[in-house]
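**Student:** predicted model follows, preceded by the sequence.
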Amino acid sequence: MAGVDDGGPVIEGFICPMCKCDLGTSARLLTHFQEEHYEEQDLVKTFKDLLDKAKRKILKTQETSPGHTYGQRTLGFDTNHLCEVQDMGYSYSHMKEFLEIRNVRLQSLSIPQNQLIIRLEKLLDNMPTDPIKKKAHEQNIVHWIDGTNVTRCPNCAGQFHLARRQHHCRTCGSIMCQHCSHFMTIQTARRILDKPLPQDSNQNQNSRDNCMRLCEHCISILERMEQMKEMQTKKPIISQFYEKLAEYRRQADEHYSVYIRMCESLNAKLAVLGTKDTDAPPQGQALRLQMAVRSAAVGYLRNQLLRLPPLPTEQQFEEMQEKRRREITARINEEKLKHARLQQNHTTNSVMTRPSPKPVSNDLPVSKGQGWVPEKTKVNESGDPLVEQMNIIRSYIKDARAAQKFDEATSLEQNLKDLKKEFLRKLQVQDDISR
């Protein structure tokens with residue numbers, strides 16, 4: 001590149017530094033410089049060095065490496081320095097602070113837990129059965145808080161009185177009410193402490209005398225200990241399933257071997273029997289017996305199975321459902337009329353001093369035909385006829401399900417949905433009018 005220093009136009013290519021001519025290639029430029037400017041040997045040597053350096057740089061840029069990407073080949077720079085391992089910067093360990101916080105947390109959990117275990121173990125050792133001696137034994141081991149100045153329950157803030165008495169936790173001695181008390185059986189406490197259970201442990205496990213009264217804090221600690229113990233001793237559910245799967249596979253392998261032997265034996269015997277049958281076909285009485293059995297089977301198929309009534313089509317099924325809905329609607333209307341007449345008769349009887357004859361219903365009863373009609377049931381009466389009708393349909397649905405009439409129950413549920421929609425629409429209209 002020439003023309004930068006003297007302010008002239010910029011010329012690019014293989015330019016001779018002396019005569020400013022573009023030679024086109026590096027070989028022609030070198031030959032031109034040696035022939036035309038040979039008297040300047042120092043300058044020729046310097047020019048050769050510059051030309052070799054430029055050539056090496058160009059060749060290094062254009063060479064292709066297997067690990068290079070397209071962007072590296074295009075831009076022509078090496079990114080090996082990016083893969084160099086950087087020195088570790090300044091670091092600070094927080095393990096000490098973490099251990100301090102963790103130890104404080106563990107102590108806050110372990111100290112009450114160990115204290116509770118020691119008290120519980122002392123309470124269970126030589127525990128008397130007499131209630132008075134048992135209470136003295138508990139107060140001797142755990143100091144009970146004086147409840148003279150405690151007027152309210154610390155947990156629920158309920159005031160103590162004759163109906164709400166004070167109670168003490170058997171492991172920490174705190175005061176609580178009956179509602180905030182928790183109970184743990186003696187057998188559960190012994191199981192938590194890994195103590196052997198007494199011989200009469202199955203007797204009266206849920207009785208109040210066989211339980212210990214505990215506060216919410218103590219029962220939570222003991223339940224957590226019990227859960228941890230169960231997690232350590234009890235196998236996970238996935239392990240139990242895998243053991244069952246392994247057992248089923250073992251049984252399947254045993255049955256598989258037995259099945260293979262039976263199959264081979266049956267195939268061998270059937271092959272032998274088949275050759276014998278072809279050689280000696282049934283004759284006489286055996287042949288007549290086989291023909292009689294075949295005739296009886298064919299007659300049964302023709303008379304019983306081939307005469308089964310066809311299933312109704314979709315259109316016929318919809319017509320049957322619509323007919324059943326009309327029957328049920330007529331039945332509901334009849335029940336409503338009867339309820340109205342009964343209510344009217346009850347009002348008349350309450351006003352008149354003498355009993356009046358019961359009104360005779362002139363309505364024709366609904367024909368049941370071949371279908372199913374629900375029994376008459378007493379339904380709670382309401383002022384809204386839609387509510388009464390929905391209640392009646394609910395009772396009919398219950399009767400239909402009890403009688404295993406699922407088609408009738410489905411149609412009744414559809415009627416109930418329609419009535420609910422109508423009832424909600426009526427309520428919406430009333431709300432709009434009231435506004």
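**Tutor:** Perfect, I can see it now. Numbering: from 1, shown residues only.

**Student:** what's the offset of stretch 306-319 from the middle of its chain?
**Tutor:** 42 Å (C-alpha atoms, centre = their mean, to the nearest Å).

**Student:** what does it rub up against?
**Tutor:** Met320 (C-beta atoms under 8 Å, 6 or more residues apart in numbering). Backbone N, C-alpha and C define where each C-beta goes, glycine included.

**Student:** downstream of whatever helix or strand Glu388 lives in, the next helix or strand is which one?
**Tutor:** For Glu388, the host element (DSSP states H and E) is helix 385-402. Next helix or strand after helix 385-402 toward the C-terminus (DSSP H and E): helix 406-434.

**Student:** so which elements touch that following helix?
**Tutor:** Contact here means 3 or more C-beta pairs under 8 Å, 6 or more residues apart in numbering; DSSP states H and E; on that basis helix 406-434 packs against helix 314-351, helix 385-402.

**Student:** return the set of buried residues in the shortest one.
**Tutor:** Right, helix 385-402. Residues of helix 385-402 classed as buried by neighbour count (16 or more other C-beta atoms under 10 Å): 388-390, 392-393, 395-397, 399-400.

**Student:** got it, and stretch 123-137?
**Tutor:** Under 16+ other C-beta under 10 Å, the buried positions of stretch 123-137 are 123, 137.

**Student:** state the mean pLDDT of stretch 196-207.
**Tutor:** Stretch 196-207 shows a mean pLDDT of 61 in the predicted model.

**Student:** same check on stretch 289-297?
**Tutor:** For stretch 289-297, the per-residue pLDDT averages 85.

**Student:** can you check stretch 168-178 too?
**Tutor:** pLDDT averaged over stretch 168-178 gives 90.

**Student:** and the contacts of that stretch?
**Tutor:** So stretch 168-178 is contacted by 116, 119-120, 123, 138, 142-145, 147, 150, 153-156, 158, 160, 164-167, 212-218 (C-beta under 8 Å, 6+ apart).

**Student:** redo that, cut-off 7 Å
**Tutor:** With contact meaning C-beta atoms under 7 Å, 6 or more residues apart in numbering, stretch 168-178 is reached by 116, 119-120, 123, 138, 142-145, 147, 150, 153-156, 158, 164-167, 212-215, 218.

**Student:** now it, how far from the centre of its chain.
**Tutor:** On C-alpha atoms, centre = their mean, the centre of stretch 168-178 falls 39 Å from that of its chain.

**Student:** endpoints of that stretch, how far apart?
**Tutor:** Chord length of stretch 168-178, first to last residue, is 10 Å (C-alpha to C-alpha, to the nearest Å).

**Student:** list the buried ones in it?
**Tutor:** 168-177.

**Student:** try stretch 293-301
**Tutor:** Buried, per 16+ other C-beta under 10 Å, within stretch 293-301: nothing.

**Student:** ok, which stretches of this protein are strands?
**Tutor:** Here the chain has its strands, by DSSP state E, at 167-168, 175-176, 182-185, 211-214.

**Student:** may I see these arranged in TSV, with distance to Met18 as well?
**Tutor:** Shown next, in TSV, are the strands of the chain (distance: least, C-beta to C-beta, whole Å):
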stretch	distance to Met18
strand 167-168	114
strand 175-176	109
strand 182-185	107
strand 211-214	107
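
**Student:** without its sequence neighbours, what residue ends up closest to Cys156?
**Tutor:** Cys180 (5.6 Å; C-beta to C-beta, 6 or more residues apart in numbering).
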